[in-house]
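> attaching a predicted model along with its sequence, questions to come.
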Amino acid sequence: MPKIREIAQICKSKNAGPFLVTIDILFEDPARYRAVKATGVITEALFAKLYGVKESDVLLTPYDSANAFKATLPRQVPAGGIGDTDVYGAQQHAPLLDVEVPINL
């Protein structure tokens, strides 16, 4: 099965304020986006599991017109707080890169 790193054009993260992070997964090919969406792999439950947050704290929005998913979730450590290792939230997408998606390429 291909991993998100192999099928998404862009997978990135950034702060959405000091207490939230936003993660974007974008696909260049609309057919590939629709195939990924149809699998039901990218869910609030996936983000909750990967990031150790409550599923109810994940706001996941598929943007069909942009062939993209956007998730916003709480940061474990506020940006710039003691123990923060990613003040800009720019590396928070990494756990998603190895998620397998059951589609045929």
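Yes, it's here.

> any idea which helix is longest in this structure?
helix 30-39 (DSSP state H).

> so Leu59 bridges to which residues?
On the basis of DSSP bridges, Leu59 is bridged to Thr72.

> burial count for it?
Other residues lying near Leu59 total 14 when counted by other C-beta atoms under 10 Å. For every residue, glycine as well, the C-beta is placed using N, CA and C.

> convert the C-alpha atoms of the longest helix of the chain to CSV, please.
Output of helix 30-39 as CSV, limited to C-alpha atoms (Å, rounded to 0.1, in the frame of the first residue of the first chain):
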residue,chain,number,x,y,z
PRO,A,30,-8.3,15.1,-8.3
ALA,A,31,-8.9,11.4,-9.0
ARG,A,32,-6.2,10.5,-6.5
TYR,A,33,-7.7,12.8,-3.9
ARG,A,34,-11.2,11.3,-4.4
ALA,A,35,-9.7,7.8,-4.2
VAL,A,36,-8.0,8.6,-0.9
LYS,A,37,-11.1,10.3,0.5
ALA,A,38,-13.2,7.2,-0.5
THR,A,39,-11.0,4.9,1.6
